[in-house]
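J.: below are the sequence and a predicted model; questions follow.
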Amino acid sequence: MTGFATNEFATTGFSGNAQAMSLVGFTAVATVTLLLCVMTGPDRDDLDEFYTGYSSLSPMRNGLAIAGDYISAATVLGTCGVVALFGYDGIVLALSTALSLMLLMFLLAEPLRNAGRFTMGDALARRMPGRSVRIATCVVTIAALLPLMLVQLAGTGQLLAFVLGFSGESLETGCIIGLGVLMISYAAIGGMKGTALIQILKIVMLLGSGAVVAVLILNRFDWDPGALFDAAADRSGVGPAFLNSGLQFAGGPHPEADMITSQLTVVLGGACLPHVTMRMYTASSARQVRRSMSWAVSSVALFVLVITVVGFGATALVGRAVIAGIDPQGNTAFLVGSQAAFGAEVSTAETFLFTTVTTAVFLTLLASVGGMILACANSLAHDVFATRVQEMSPRREMTLARVCALAVGVPAILLATLVQHRSLQPLVTLSFCLGASAIAPALVYGLFWRRYTRAGLLSTLIGGSLAVLLLMPGTKLVSGSPVSAFPEADFNWFPFTTTGLVSIPLGFACGWLGTMLSGRHKAEEQRRQYEAVEGSILAGAVRRGG
């Protein structure tokens with residue numbers, strides 16, 4: 001996102017009544033969600049309740065919580081923006097997000113639930129015990145989620161500025177700090193169950209209000225999707241190219257390869273991010289995981305339909321040039337499209353509905369960061385510190401987890417205030433690339449390859465992460481274009497938008513090479529260790545108790 005000026009705000013035409021109702025809605029949501037966390041928060045000595053909520057959520061509620069964690073504010077605003085600005089390419093991106101969750105559902109969900117207890121470190125250390133595995137997993141967890149946290153936090157201040165009509169860096173910074181403290185409170189007080197309830201509330205509000213807006217947009221075009229698409233193409237400024245693939249990457253040297261690489265990165269990386277996979281451990285059985293994932297996939301599929309209609313509606317009703325003028329990344333398309341669906345004369349009921357939409361997006365920002373902070377804090381407390389002490393009391397570990405939430409959240413708030421007025425797209429891409437290049441290969445190998453060794457796992461996590469971190473500064477998202485993070489500089493040398501074309505194969509190759517270099521003896525020893533737990537990991541024969 002970029003900063004919004006007052007004249008840009010006036011373009012949207014939000015009324016003072018809508019701004020006042022939105023402010024009331026934001027305040028009410030912040031108050032109610034914090035009370036929910038306090039009321040459902042775990043006891044001070046109950047680790048299972050803090051980390052997993054005692055696996056007490058029904059499949060439907062757990063599935064909605066998974067969908068809530070998966071659909072972050074970056075997904076809502078960013079994907080809808082791509083749909084509004086690039087048409088067909090945006091639909092493909094939206095479908096890739098749904099496909100990613102389906103991949104998690106059919107390939108990784110049950111083995112993850114069977115192998116892990118609280119964190120991803122538990123799942124990988126099940127067959128490879130040792131602090132090195134847990135520490136490496138924790139570092140990659142934080143590295144993958146911190147960029148997404150910055151995007152959500154910086155976006156919160158800009159959302160408030162955009163909807164409420166104020167300008168000024170100090171006000172936006174104050175919003176980031178205040179809401180960051182609120183998000184830390186969600187994770188530290190509510191634990192897994194508290195954040196799950198917030199995610200459920202968020203997904204219900206987001207999908208409900210979004211579906212109503214989509215219906216209103218379709219009604220404006222006499223329920224004819226073809227007429228909607230044609231109108232969007234007419235007002236896109238690029239004609240039929242809006243409905244064909246390649247528009248988003250047309251300026252690059254290898255547009256087709258760039259598009260395929262970007263979609264592959266989303267498919268492999270999206271559902272493997274730790275704040276999503278941690279929800280697998282909250283299911284009480286393999287059957288519960290399957291039913292939860294069915295609800296999650298259904299919710300995400302509905303979300304794809306909603307943002308496709310809203311994104312095309314925003315372009316058809318407002319125009320691509322106006323959307324890009326407000327924000328070159330298109331992150332305001334969801335809100336602009338929602339407001340445009342009501343037409344010139346806005347009734348009180350429609351103002352209330354728009355307030356619901358803005359409040360749902362606001363809650364999405366809050367809930368997303370709360371879940372990410374919880375995932376990082378859990379990994380830091382459980383994988384790094386608790387394993388150093390042979391017999392750490394549950395109360396002490398829970399206190400440690402809450403302190404870790406503070407230790408993760410405070411630097412995230414400070415960094416968000418520094419990057420709030422730059423393009424944040426490189427940070428979103430960085431998280432997905434780390435998920436696809438380091439975490440996905442580690443999970444696939446760790447859960448299914450019998451000969452996979454500790455050296456192979458560490459090579460995967462370290463090699464995949466280093467490849468992403470070395471290549472990302474060379475992409476055009478960071479420099480070399482007017483919408484990059486550093487538009488005044490040009491050190492763009494990598495000819496693709498994402499690093500996936502190189503870093504994903506390299507992550508898998510590092511895991512294979514590290515295992516091969518471990519020697520036949522180590523590989524055979526690891527194969528025997530894996531076979532000892534294979535039944536419980538793949539079939540859920542026995543759930544690990546410690």
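T.: It's in. None of the values given here were measured: they were computed from a predicted structure.
J.: residue contacts, G121?
T.: For G121, the contact set (C-beta atoms under 8 Å, 6 or more residues apart in numbering) comprises V133, R134, T137, C138, T141, S379, H382, D383. (C-beta placed from N, C-alpha, C; glycine too.)
J.: how close does the first one sit to I200?
T.: In this case it means V133. According to C-beta to C-beta, to the nearest Å, V133 and I200 sit 33 Å apart.
J.: please enumerate the helices of the stretch 101-250 of the chain.
T.: 109-115, 120-125, 131-164, 169-185, 191-220, 225-234 (DSSP state H, counting those that start in this stretch).
J.: give the buried residues for stretch 217-230.
T.: I217, L218, R220, F221, L228, F229, D230 (16 or more other C-beta atoms under 10 Å).
J.: quick one, what contacts the nearest residue to R126 once chain neighbours are set aside?
T.: Spatial nearest neighbour of R126, excluding adjacent residues (C-beta to C-beta, 6 or more residues apart in numbering): A115 at 4.5 Å. For A115, the contacting residues are D122, A123, L124, R126, R127, L447, V533, S536, I537, R544, by C-beta under 8 Å, 6+ apart.
J.: now E49: which helix or strand?
T.: Counting by DSSP states H and E, the element that carries E49 is helix 47-52.
J.: actually I537, not the one I wrote
T.: Element membership of I537 [criterion: DSSP H and E] is helix 520-539.
J.: need the contact partners of that helix.
T.: 110-111, 114-115, 126-128, 447, 450-455, 515-516, 518, 541-544.
J.: and that helix, average pLDDT?
T.: Averaged across helix 520-539, the pLDDT comes to 80.
J.: mind listing what's buried along that helix?
T.: Neighbour counts over helix 520-539 (16+ other C-beta under 10 Å) mark K522, A523, Q526, R527, Q529, Y530, V533, E534, S536, I537 as buried.
J.: tell me, what residue is most central in this structure?
T.: Nearest to the geometric centre of the chain sits S72, at 4.4 Å (C-alpha atoms, centre = their mean).
J.: ok, it touching L366?
T.: No - assessed by C-beta atoms under 8 Å, S72 is found out of contact with L366, at 11.1 Å.
J.: could you point out which of the helices of the stretch 101-250 of the chain sits nearest T359?
T.: Nearest of the helices of the stretch 101-250 of the chain to T359, taken as C-beta to C-beta: helix 191-220 at 6.9 Å.
J.: mind checking how far the closest one is from the chain centre?
T.: Taking C-alpha atoms, centre = their mean, to the nearest Å, the mean C-alpha location of helix 191-220 is offset from the chain mean by 16 Å.
J.: list the buried residues for that helix?
T.: So helix 191-220, judged by 16+ other C-beta under 10 Å, has buried residues 191-203, 205-207, 209-214, 216-218, 220.
J.: can you put the helices of the stretch 101-250 of the chain in TSV and add distance to G251 and mean pLDDT?
T.: As requested, these are exported to TSV (distance: least, C-beta to C-beta, whole Å; pLDDT from 0 to 100):
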stretch	distance to G251	mean pLDDT
helix 109-115	38	87
helix 120-125	37	88
helix 131-164	23	86
helix 169-185	30	84
helix 191-220	29	89
helix 225-234	20	92
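J.: any figure for the gap between V361 and T399?
T.: Counting by C-beta to C-beta, the gap from V361 to T399 is 34 Å.
J.: more neighbours, these two?
T.: V361 (24 against 15; other C-beta atoms under 10 Å).
J.: part of a helix, is the more buried one?
T.: Yes - assessed by DSSP: H, G, I helix; E, B strand; the rest coil, V361 belongs to a helix.
J.: rewinding a little: got a markdown table for the buried residues of helix 520-539, with distance to C433 too?
T.: Shown next, in a markdown table, are these (distance: C-beta to C-beta, whole Å):
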| residue | distance to C433 |
| --- | --- |
| K522 | 30 |
| A523 | 29 |
| Q526 | 28 |
| R527 | 31 |
| Q529 | 31 |
| Y530 | 28 |
| V533 | 31 |
| E534 | 31 |
| S536 | 32 |
| I537 | 27 |
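J.: for the helix or strand that contains L501, buried residues please.
T.: In this assignment (DSSP H and E), L501 forms part of helix 500-517. Across helix 500-517, burial judged by 16+ other C-beta under 10 Å covers 500-504, 506-515.
J.: run through who's touching it.
T.: Residues from elsewhere that reach helix 500-517 (C-beta under 8 Å, 6+ apart): 257, 261-262, 264-265, 268-269, 433, 436-438, 440-442, 445, 449, 451-453, 455-460, 462-464, 467-468, 471, 523.
J.: ChimeraX command to pick out the buried ones of those residues?
T.: In ChimeraX syntax, the buried subset of those is picked out as below (16+ other C-beta under 10 Å):
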select :261,262,264,265,268,269,433,436,437,438,440,441,442,445,449,451,452,453,455,456,457,458,459,460,462,463,464,467,468,471,523
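J.: mind picking the two most distant members of the buried residues of helix 520-539?
T.: K522 and S536, at 22.5 Å, using C-beta to C-beta across the buried residues of helix 520-539.
J.: low-confidence ranges, the stretch 251-400 of the chain, go.
T.: 343-347, 389-391 (pLDDT under 70).
J.: what about the helices in it?
T.: Counting by DSSP H, counting those that start in this stretch, the helices of the stretch 251-400 of the chain are 255-269, 274-277, 286-317, 320-326, 333-340, 348-379, 394-419.
J.: how about CSV for those helices, with distance to V428 added?
T.: Output for those, formatted as CSV (distance: least, C-beta to C-beta, whole Å):
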stretch, distance to V428
helix 255-269, 10
helix 274-277, 14
helix 286-317, 16
helix 320-326, 18
helix 333-340, 15
helix 348-379, 12
helix 394-419, 12
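J.: so which of those helices is the most surrounded?
T.: Compared across the helices of the stretch 251-400 of the chain, helix 333-340 shows the largest average neighbour count, a mean of 28 (mean count of other C-beta atoms under 10 Å).
J.: any idea which element G81 lies in?
T.: Applying DSSP H and E, one finds G81 within helix 80-86.
J.: so which bits of that helix are buried?
T.: Quick answer for helix 80-86 (16+ other C-beta under 10 Å): C80, G81, V82, V83, A84, L85, F86.
J.: so which of those comes closest to S338?
T.: For the buried residues of helix 80-86, the minimum distance to S338 (C-beta to C-beta) is 9.9 Å, reached by C80.
J.: check contacts around R388.
T.: Contacts of R388 by C-beta under 8 Å, 6+ apart are R131.
J.: check the gap between it and L400 for me.
T.: The value you get for R388 to L400, if C-beta to C-beta is used, is 11 Å.
J.: R113 too?
T.: 25 Å.
J.: same thing with G174?
T.: Look at G174 and L400: by C-beta to C-beta, they are 30 Å apart.
J.: next: P59.
T.: Distance of P59 to L400, given as C-beta to C-beta: 31 Å.
J.: now swap in W512 and tell me
T.: 36 Å.
J.: over to V322?
T.: Taking C-beta to C-beta, one finds V322 at 50 Å from L400.
J.: what's the closest non-adjacent residue to V408?
T.: C376 (4.5 Å).
J.: check contacts around that neighbour.
T.: By C-beta under 8 Å, 6+ apart, C376 lies in contact with T141, I142, L145, L146, P274, C404, A405, V408.
J.: same check on Y88?
T.: By C-beta under 8 Å, 6+ apart, the contact set of Y88 is F242, L243, N244, S245, L247.
J.: and of the buried residues of stretch 217-230, the nearest to T40?
T.: I217 (36.4 Å).
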